[in-house]
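sequence and computational prediction follow.
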Amino acid sequence: MGHVSKRLYSSASKLAVSTVQLKQFPPKEAILRPDSGKPNFFDPESWAALQPPPTSALAAFAHRIGLANVLSSPDVVRRACTHNSFVNLHTKYYPSSPAPPTNANLTTLGNALMGLFASEHLHAAYPHLPTRVLKAAVSAHVGPLTCASVAQEMGAVPLLRWHRQPTTPMSPALLHSDALASIPRAITALVYQERSLQSARKFVQSFFLSRQVDLRSMIKFRDPKRALIETVVKFGHERPKSRLLKETGRYSNSPIFVVGIFSGLDKLGEGFGSSLKMAEYRAAEDSLHRLYLTRTPDHLLQVPSSTFPLKQGDVYRTGPETPYTPGVLGEAEILYASSGRSNIVAPRRPTLEEVEAGRDGLDV
């Protein structure tokens with residue numbers, strides 16, 4: 001076996017190209033006749049990227065994600081797995097052939113649908129979530145990296161048809177993860193077109209919104225004690241007070257203090273630390289997290305898109321609508337947040353010392 005043939009088999013195996021469906025392998029472009037005297041510019045990687053995925057792999061993919069009834073045609077699955085960048089590569093090697101259908105329009109529609117489903121789900125589940133944190137949470141659930149990760153779990157990597165593009169003055173570089181993220185978006189749009197809005201929402205709920213995302217790490221406070229004081233005043237409750245709950249090793253090298261913050265008889269939060277100041281800081285931060293991360297119980301969670309009928313067709317005319325009770329809008333903004341990186345100059349407010357002038361302090 002020659003060097004070119006070895007590279008050809010290696011490239012085909014890396015890109016999961018099945019040689020069974022090919023009419024001729026190796027292709028005639030890879031065979032160099034010794035008496036021809038012509039240089040051979042055959043590129044195994046480009047040749048392997050141009051080969052369509054097997055029909056059996058497309059059908060297996062549709063069954064694997066549970067959408068065999070929706071993605072009934074292999075051509076539909078092939079289109080969902082063909083990125084718009086693949087057209088440039090196809091036109092370069094086959095200028096006379098028609099360009100293959102891509103998922104460009106499906107990706108745009110699917111991205112809008114996924115953003116809608118994630119926004120209404122997170123807003124209904126966490127009514128007090130700040131706006132910036134809500135945007136970050138939506139990106140964490142249905143963003144490009146998450147879509148690429150879900151596509152890998154689906155087994156869509158061997159089916160992806162794309163072509164890497166460098167950075168241009170008009171657009172950034174196209175990476176493999178960016179092209180791979182287009183597949184779940186295109187599938188969401190296909191489910192919406194072939195079935196209904198409700199079916200598309202269930203698909204996104206199953207593959208994306210059911211994942212656990214750490215929202216606590218997305219909320220940062222520059223001064224949690226001051227933010228807690230103003231938040232409690234905004235809700236009309238008693239001024240918060242810090243109380244020492246437990247301590248050990250006060251006069252040792254590693255003391256531990258546990259501080260709780262109370263508003264009247266209600267315990268807002270609790271924190272620990274090697275000093276009273278650190279424990280109080282963490283207790284205030286925990287109090288704010290408990291407030292802004294208050295989650296609606298699952299049996300009470302309802303989103304606007306859940307009221308649309310399951311039948312295919314016009315959502316405003318087909319089938320009866322499900323009754324909908326809107327949730328209460330929460331106090332979603334924090335005055336001091338995001339580690340002070342917003343560079344927004346707030347109006348002059350009383351200092352913490354002025355606010356706490358009549359405060360008793362820690363009940364040590």
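Nice, thanks for sending it over.

could you find the closest non-adjacent residue to Thr91?
Closest residue in space to Thr91, ignoring its immediate chain neighbours: Ala99 at 6.4 Å, by C-beta to C-beta, 6 or more residues apart in numbering. Yep, even glycine has a C-beta here, placed from its N, CA and C like the rest.

confirm that that neighbour sits in a strand.
No - membership of Ala99 in a strand is not supported by DSSP: H, G, I helix; E, B strand; the rest coil, which gives coil.

contacts only, for it.
By C-beta atoms under 8 Å, 6 or more residues apart in numbering, Ala99 lies in contact with 87, 90-91.

quick check: phi and psi at it.
Dihedral pair for Ala99: phi -70, psi 140, per degrees, to the nearest 10.

distance check, it against Val213.
Applying C-beta to C-beta, to the nearest Å, the value for Ala99 to Val213 is 38 Å.

wait, what's in contact with the closest residue to Pro52 other than its chain neighbours?
Excluding the flanking residues, the one nearest Pro52 by C-beta to C-beta, 6+ apart is Arg78, at 6.7 Å. Listed by C-beta under 8 Å, 6+ apart, the contact set of Arg78 reads 52-53, 58, 100, 159, 161.

picking that back up, dump the contacts of Ala99 into CSV; add pLDDT, neighbour count and distance to Ala151 as well.
As requested, the contacts of Ala99 are arranged in CSV below (pLDDT from 0 to 100; neighbours: other C-beta atoms under 10 Å; distance: C-beta to C-beta, whole Å):
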residue, pLDDT, neighbour count, distance to Ala151
Val87, 91, 17, 20
His90, 88, 19, 21
Thr91, 88, 13, 25
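
okay, those in a markdown table with distance to Leu190 and secondary structure next?
Below are the contacts of Ala99 laid out as a markdown table (distance: C-beta to C-beta, whole Å; DSSP: H, G, I helix; E, B strand; the rest coil):
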| residue | distance to Leu190 | secondary structure |
| --- | --- | --- |
| Val87 | 20 | helix |
| His90 | 22 | helix |
| Thr91 | 25 | helix |
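
check these against Pro304 and report the nearest one.
Minimum distance to Pro304 across these is 37.2 Å, recorded for Val87 (C-beta to C-beta).
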